[in-house]
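In: give me a 3D structure for the following:
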Amino acid sequence: MKKTGKSILTLVILLFVLGGLITGYFILRHYNSIEKEADAPSIPLLDKTKETVTSLRCHNGENDLSFVYENDVWEYALDSHFPLQQKPLQDMAMAASSIEAKLQVDTAEAGTETYGLDTPACIVEVTFTDESVYTYTFGDTNSFNGYQYFTISGDDSIYMVEASLSESFDTPLHSLYQSESYVLTEQGVEQGDVTSILLETAAGSAKEITDAGGIETLFAHVDKLNLSVWKDYYADPEEMQEVYGIHENGDRITVTYDANNGESNTYTVFIGNKFERVEDADKKSNDTEEETKYEYFYSPEGSSVVYTAGADTIDAIFNYLVYTPPVDTSDTNA
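Out: Residues are numbered from 1 along each chain as shown. Model (predicted):
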């Protein structure tokens, strides 16, 4: 019995060792396979330049965006007025103009559903100056090597490309919005550079704050109008006045400051209509004033963009219409 027990134990140990060797073999084989794939030369599929790309259409299920290149500028195809960042589109054009595959897939008995190409993760359509049009289809990502299955129109083969290629085209429109520069930040203006803040209303009231203490506290509110939240990226003068209540004779704030070049500059912001925030209105349990949140429309001078700011900020600014600077008694004789 003892001998039989020892034999069984020995067999278990041998099986355990054998299992480890087999596992190690497959791990090493897989590792070597990945190494060979990494060392293998890339397969060129398209070799053009970003300057020859005239249009891009990117569709990934959630986004379906089209862009055109006209007059040396990338534009959003559905609205040329949309302020579009140029760098991301230039990067997309570069990615779309030069395509290299890492591997070609052996598809002897497999259909496109095996690679996720029947329900693509991303489809990109590219047009070039020579009027050629190419469609790129991205499928599943291979879990072993991290490459993504890919096809290019005009070629029946299935390839594997770097997964980062499809990511180049996966940017929502709002992330491509080119915001205006906030002049005070762009000029490096700090509270100590401000020499006056003039408040004017449509009703004719006006107040100019020039003392250091008043400027310090008021500028902290004015500096919040930093163009961070936009409502309309292209409003014509009629819309500005009729829809948003913004016009040159309305309420306005003018900051006078010393620029880095030593000259005195001004920055004016026009305040428009007050409105109730819709998202807060939906959450109200009753119509009490405390639960109602308001905002104002505003726009900097010369801009076609309408922004929004909290009513607490705007109201705090115009409360300074009744501001009286403290009397300096430091030189008064006792």
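In: all helices of the stretch 51-200 of the chain, in order?
Out: 86-97, 164-167, 183-186 (DSSP state H, counting those that start in this stretch).
In: do you know which of the ones you listed lies nearest Asp312?
Out: Asp312 sits nearest to helix 183-186 of all the helices of the stretch 51-200 of the chain, at 20.2 Å, using C-beta to C-beta. Yep, even glycine has a C-beta here, placed from its N, CA and C like the rest.
In: and that closest one, which residues are buried?
Out: 183-184 (16 or more other C-beta atoms under 10 Å).
In: how far out from the middle of the chain is it?
Out: Centroid separation for helix 183-186 versus its chain: 21 Å, with C-alpha atoms, centre = their mean, to the nearest Å.
In: please apply the same query to stretch 55-74.
Out: Counting by C-alpha atoms, centre = their mean, stretch 55-74 comes out at 15 Å from the chain centroid.
In: can you tell me the distance between the two ends of that stretch?
Out: 9 Å (C-alpha to C-alpha, to the nearest Å).
In: buried residues, that stretch. List them.
Out: 55-58, 60, 65, 67-69, 74.
In: same check, this time on stretch 97-106
Out: Using 16+ other C-beta under 10 Å as the burial criterion, the residues of stretch 97-106 that qualify are 97, 99, 101-103, 105.
In: of these, just say which sits nearest to Gly154.
Out: Ile99 (11.9 Å).
In: the closest one contacts Gly154, correct?
Out: No - applying C-beta atoms under 8 Å as the test, Ile99 and Gly154 come out as separate, 11.9 Å apart.
In: measure stretch 306-322 end to end?
Out: End-to-end distance (C-alpha to C-alpha), stretch 306-322: 28 Å.
In: now what about that stretch, what contacts it?
Out: Residues from elsewhere that reach stretch 306-322, judged by C-beta atoms under 8 Å, 6 or more residues apart in numbering: 197, 199, 201, 205-207, 209, 214, 218, 221-222, 224-225, 227-232, 235, 240, 244, 246, 251, 253, 271-272, 274, 293-299.
In: where does this protein have low pLDDT?
Out: Applying pLDDT under 70 to the chain flags residues 1-40, 109-112, 279-291, 328-334.
In: walk me through the domains of it.
Out: Listed by automatic domain parsing, the domain ranges of the chain are 43-176, 183-322.
In: burial count for Leu165?
Out: Using other C-beta atoms under 10 Å, Leu165 has 20 other residues around it.
In: ok, the nearest residue to it once chain neighbours are set aside - contacts?
Out: Counting by C-beta to C-beta, 6 or more residues apart in numbering, Ala95 is the residue found nearest to Leu165 once chain neighbours are left out, at 6.2 Å. Counting by C-beta under 8 Å, 6+ apart, Ala95 touches 165, 168-169.
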